[in-house]
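Novice: Here is the input, now give the coordinates:
(one chain, ligands or ions: 3)
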Amino acid sequence: MPSWLAGIVVLFVGAGGCFFTEVVNEAPVSGIRTLKDGPHFIGETLSFNATKTVDDVVSNLSCEWRAFTCQDSAGTNCTPIGEPEFYGITGEFEVLVESHETIKIQLQVTDELGATRLQPDIVTIDVNNRAPSIDLEVTGHKEPQTDLFVLYRAIDLVIAPGVGGGDDVTLDPDGDEVTFSWSYLAPPGSQESARSFDEVGEDGYRLVPDVSGQWTVTLTADDGHGGTDEITKTIPVGVDSPPCLQSLDPVADTSGFYLVESADGARSFSVLSVVDALDPFPMSPGADEVFGTSTFRWFLKEPGAASFTWIAGHVAESYAVDPLNYEPGDLLELRVEVQDRVQGAERELTCADDARACELNAGSQCFQRLTWGVQIQ
Ligand SMILES: [Ca+2]
Ligand SMILES: [Ca+2]
Ligand SMILES: [Ca+2]
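Specialist: Residues are numbered from 1 along each chain as shown. Ligands and ions are numbered 1, 2, ... in the order given. Below you'll find the predicted structure:
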């Protein structure tokens, strides 16, 4: 006789006298209650207690709880989590979910006489996956007037956590290792040899666009457990603004004449600085390789001449007027124009020849031409 069938001797007292009988001690009947409905996730503490537990004899019942992780929902190929735990009938058993594997909970209830069922109670708990949540930060130089990213200037794209993650924002709520893939779409006319899209560090890419228009970059994330997220950013790229002659020495007056004394020798007229997104002057220290520098064109209107003459080949930021080449009292005009790398008809100055100052965008106070009046003394 198995130990759990250990007899209980019960004394019956009847009318005919006393007799003894042996009553079989039944194993307790039990079940498992999961204290919180699913879905269940990594990081959650699962709680269980014994339920529907009855026994034929009022006696102390002992609950042996065991937890396993299993490779399938059927609860096979299981590995124990920790050691068995023992509680009384009212005790709660807790298990921390640490992986995507199915969790199997096993309960075996034993009465104080050692009776227990051959088959323990079992429940399996599937662990649900949560998808990663990503965003993409896009930073780069934008033209203030147009809010467009500037052609040829680097645009940095960095992976960021997506929204909706609460305070504890992570790319994957389960802590899964996320793999990323990047793709981009260039506007028509872009040339692979002229644009670049390169990985920077572990979590970003750098785009250098070669044409204006709408670029799109798509980032997908995969947590390896069926959870994915995707984000596409549209990146509007425009031609940068014309360069602005910012600081000249001496100041170029739009009406007066700067006096050059013959006794003082040659006098330099200089551009000290140009403001431009792509082609500032002087070139910024540490500027990346796509930066160029403004180019200058100089024109001279000799005393008595009807129009300006281009000083071919002179591209430096300054030009020297030597009074020894003139007579005292001569009036001449020296003109500088600045160009950035964006050439072509859209950047041709259309002001009248005698306009000392000229700007491509009227009223912008961003001048591409300034003129010094010079009087020889
Ligand atoms: Ca019993
Ligand atoms: Ca996940
Ligand atoms: Ca420019």
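
Novice: What mean pLDDT does stretch 90-108 get?
Specialist: Stretch 90-108 carries an average pLDDT of 95.

Novice: what's the span of it from first residue to last?
Specialist: Stretch 90-108 has an end-to-end distance of 14 Å (C-alpha to C-alpha, to the nearest Å).

Novice: what distance separates it from the centre of its chain?
Specialist: Between the centre of stretch 90-108 and the centre of its chain there are 37 Å (C-alpha atoms, centre = their mean, to the nearest Å).

Novice: With stretch 152-168 instead?
Specialist: 2 Å.

Novice: So which bits of it are buried?
Specialist: Neighbour-count burial for stretch 152-168, counted by 16 or more other C-beta atoms under 10 Å, picks out 152, 153, 154, 155, 157, 159, 160, 162. Where C-beta positions appear, they are placed from N, C-alpha and C, glycine not excepted.

Novice: Is the first one within a helix or a strand, and which one?
Specialist: This points to residue 152. Residue 152 belongs to no helix or strand when assigned by DSSP states H and E.

Novice: what does stretch 55-69 contact?
Specialist: 8, 25-26, 28-30, 48, 50, 53, 75, 78-82, 84-89, 91, 93, 95, 99, 101-113, 115 (C-beta atoms under 8 Å, 6 or more residues apart in numbering).

Novice: ditto for stretch 178-188
Specialist: 132, 134, 159, 171-172, 195, 197, 199, 203, 205, 207, 209-224, 237.

Novice: redo that, cut-off 6 Å
Specialist: Residues outside stretch 178-188 that contact it (C-beta atoms under 6 Å, 6 or more residues apart in numbering) are 132, 171-172, 197, 205, 211, 213-214, 216-223.

Novice: picking that back up, of the contacts of stretch 55-69, buried ones?
Specialist: 25, 28, 30, 48, 50, 53, 75, 78, 81, 87, 89, 93, 95, 101-111, 113, 115.

Novice: Below-threshold pLDDT in the protein: ranges please.
Specialist: 1-23, 58-59, 164-169, 286-291, 343-346 (pLDDT under 70).

Novice: Would you mind listing what in it touches ligand 3?
Specialist: Contact residues (C-beta under 5 Å from the ion) of the chain with ligand 3: 240, 276, 278, 340.

Novice: which ones are touching the second one?
Specialist: Pointing back at residue 276 there. For residue 276, the contacting residues are 243, 340, by C-beta under 6 Å, 6+ apart.

Novice: From residue 334, how far out is it?
Specialist: 22 Å (C-beta to C-beta, to the nearest Å).

Novice: Would you mind confirming that residue 330 makes contact with residue 376?
Specialist: Yes. Using C-beta atoms under 6 Å as the test, residue 330 is close enough to residue 376 to be in contact (4.5 Å).

Novice: Can you pick out the residue with more neighbours from those two?
Specialist: Using other C-beta atoms under 10 Å, the more surrounded residue of residue 330 and residue 376 is residue 376, with 22 against 16.

Novice: what bridges to the more buried one?
Specialist: Beta-bridge partners recorded for residue 376 (DSSP bridges): residue 260.

Novice: State the helix or strand in which the closest residue to residue 242 other than its chain neighbours lies.
Specialist: Take residue 242 and drop its neighbours on the chain: the residue closest to it by C-beta to C-beta, 6 or more residues apart in numbering is residue 360, 4.7 Å away. Applying DSSP H and E as the criterion places residue 360 outside every helix and strand.

Novice: swap in the one 3 residues further on?
Specialist: Using DSSP H and E, residue 363 maps to neither a helix nor a strand.

Novice: repeat for residue 188
Specialist: Using DSSP H and E, no helix or strand contains residue 188.

Novice: After the helix or strand harbouring residue 123, which helix or strand is next? Please name it.
Specialist: Secondary structure from DSSP H and E places residue 123 in strand 121-125. Next along the chain after strand 121-125, taking DSSP H and E as the criterion, comes strand 134-140.

Novice: chain center to whatever helix or strand comes next after that next one, what's the gap?
Specialist: Per DSSP H and E, strand 134-140 leads on to strand 149-150 as the next helix or strand towards the C-terminus. Mean C-alpha position of strand 149-150 versus that of the full chain (C-alpha atoms, centre = their mean) differs by 19 Å.

Novice: what sits up against strand 149-150?
Specialist: Taking C-beta under 6 Å, 6+ apart as the rule, strand 149-150 contacts 140, 141, 142, 143, 155, 235, 237, 240, 277.

Novice: Leaving out the residues flanking it, which one is nearest to the first one?
Specialist: By that I understand residue 140. In space, residue 140 is closest to residue 155, 3.7 Å off (C-beta to C-beta, 6+ apart).

Novice: OK, contacts around that neighbour?
Specialist: 140, 149, 207.

Novice: now those in TSV, with neighbour count?
Specialist: Converted to TSV, these look like this (neighbours: other C-beta atoms under 10 Å):
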residue	neighbour count
140	17
149	24
207	23
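
Novice: quick one: which of the residues you listed is nearest ligand 1?
Specialist: residue 207 (73.9 Å; C-beta to the ion).

Novice: so the closest one touches residue 197, yeah?
Specialist: Yes. Between residue 207 and residue 197 a contact is recorded at 5.2 Å, counting by C-beta under 6 Å.

Novice: Where does the stretch 151-300 of the chain get nearest to ligand 1, which residue?
Specialist: For the stretch 151-300 of the chain, C-beta to the ion, closest residue to ligand 1: residue 174, 43.1 Å.
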